[in-house]
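Participant: Fold the following for me, if possible:
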Amino acid sequence: MLSEFLYISEAVELPHRPLNMGQILASARRRNGEAGVTGVLIYHQRKFIQLLEGPPEGLAAIYDGYIQSDPRHRRIQVVSQGAIGRRSFGAWSMGYAESSATTSRLPPSLDKVIYQLMSEEAQKGPLSPGVQGLLSLYKQLKPVNH
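Facilitator: Residues are numbered from 1 along each chain as shown. Coordinates of the predicted model:
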């Protein structure tokens with residue numbers, strides 16, 4: 001059985017310790033791999049948007065053991081969670097996209113990921129609630145005239 005959850009949180013800059021996305025990703029990829037969890041992380045204007053998928057016990061270990069207690073973010077809001085039939089990000093221990101803090105335009109790499117996801121998902125059947133939420137958030141962040 002597989003589950004997923006999608007959450008949003010606000011980045012926190014710690015004194016004398018700037019936010020280091022490389023370090024965050026390296027740790028997440030290692031832990032996610034050990035727990036059998038895959039997903040994607042978006043960093044946009046000091047907000048984290050993350051969708052994780054995997055076995056329920058793996059997700060619980062990541063969420064309870066790391067996400068909730070990580071001081072680099074606050075105001076964690078779970079947007080969607082539940083059972084899924086298959087993974088949407090099975091090849092990624094942690095995919096990543098980041099946008100500039102000075103613009104709402106998201107990087108072409110995220111556009112490509114979303115396009116591929118939408119194309120693949122459209123051919124395979126209905127979207128899971130978490131992926132629907134991710135796509136909805138993406139549409140809100142993406143400028144109208146791209």
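
Participant: All the helices of the protein, in order from the start?
Facilitator: Ranges of helices within the chain are 21-35, 56-62, 108-124, 129-141, based on DSSP state H.

Participant: Worst mean pLDDT among these?
Facilitator: Lowest mean pLDDT within the helices of the chain: helix 108-124, at a mean of 53.

Participant: partner strands of the longest strand seen in the chain, parallel or antiparallel?
Facilitator: Looking across the chain with DSSP state E, the single longest strand is strand 73-84. Sheet partners assigned to strand 73-84 using DSSP bridges are listed as strand 2-11 (antiparallel).

Participant: Now do the buried residues in the strand it pairs with.
Facilitator: Within strand 2-11, the residues that qualify as buried by neighbour count (16 or more other Cβ atoms under 10 Å) are 2-9, 11. All C-beta spots, glycine's among them, are computed from the backbone N, C-alpha and C.

Participant: how many degrees apart are the longest strand of the chain and helix 21-35 in direction?
Facilitator: 30 degrees (axes from the mean of the first three to the mean of the last three Cα atoms, to 10 degrees).

Participant: Give the rounded mean pLDDT of strand 73-84.
Facilitator: Strand 73-84 comes out at a mean pLDDT of 87.

Participant: Can you give me the neighbour number for the closest residue to E10 other than its chain neighbours?
Facilitator: Nearest residue to E10 in three dimensions, chain neighbours excluded: R75, at 4.7 Å (Cβ to Cβ, 6 or more residues apart in numbering). R75 has 9 neighbours, counted by other Cβ atoms under 10 Å.

Participant: Please apply the same query to M94.
Facilitator: 22.

Participant: Would you enumerate the residues in contact with it?
Facilitator: 25, 28-29, 32, 38-41 (Cβ atoms under 8 Å, 6 or more residues apart in numbering).
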